[in-house]
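Novice: what would the 3D arrangement of this be:
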Amino acid sequence: MQESKLFVGNLSYSVTSEELTELFSGHGTVVEAKVIEGKGFGFVEMGSPEEAESAKEALNGTDFSGRALNVDKAKPPKSRDDRGGGGGGYRRY
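Specialist: Just a heads-up that it's a prediction; the model follows:
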């Protein structure tokens, strides 16, 4: 249900998943809220794409714990095989 999942950036490092759940529950059903500790961001999955859009519109740019939230639709995780980069190995020709 990727259309219902939101990325929440610019979080204060003191924000908990419970606080994120409480904030977003004012805009619909929160299926799951997860703060990535020590990174300043998290993800919130809402009950429907409509609730996700409503929460995004209402909360993007608003102040939460002294910081302006960055709320957007979450992008699907990148494949582990698609990390790119060179091998860094040394070749002799």
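
Novice: tell me where the model's unsure across the chain.
Specialist: Residue ranges of the chain with pLDDT under 70: 1, 81-93.

Novice: list the helices and strands the lengthiest helix in it packs on?
Specialist: Under DSSP state H, the helix in the chain containing the largest number of residues is helix 49-59. Helix 49-59 sits against strand 5-9, helix 17-24, strand 41-46, strand 70-73, with contacts defined as 3 or more Cβ pairs under 8 Å, 6 or more residues apart in numbering; DSSP states H and E. Just so you know, the C-beta spots here come from the backbone N, C-alpha and C atoms, and that holds for glycine as well.

Novice: and the third one, which residues are buried?
Specialist: Using 16 or more other Cβ atoms under 10 Å as the test for burial, strand 41-46 gives 42-46.

Novice: ditto for the longest one
Specialist: Residues of helix 17-24 classed as buried by neighbour count (16+ other Cβ under 10 Å): 17, 19-21, 23-24.

Novice: surely residue 17 touches residue 33?
Specialist: Yes: using Cβ atoms under 8 Å, residue 17 makes contact with residue 33 at a distance of 5.0 Å.

Novice: pull up the overlap in contacts between those two.
Specialist: Here residue 17 and residue 33 have residue 42 as joint contacts, going by Cβ atoms under 8 Å, 6 or more residues apart in numbering.

Novice: correct me, but residue 3 touches residue 73?
Specialist: Yes: here residue 3 reaches residue 73: they are 7.4 Å apart, a contact under Cβ under 8 Å.
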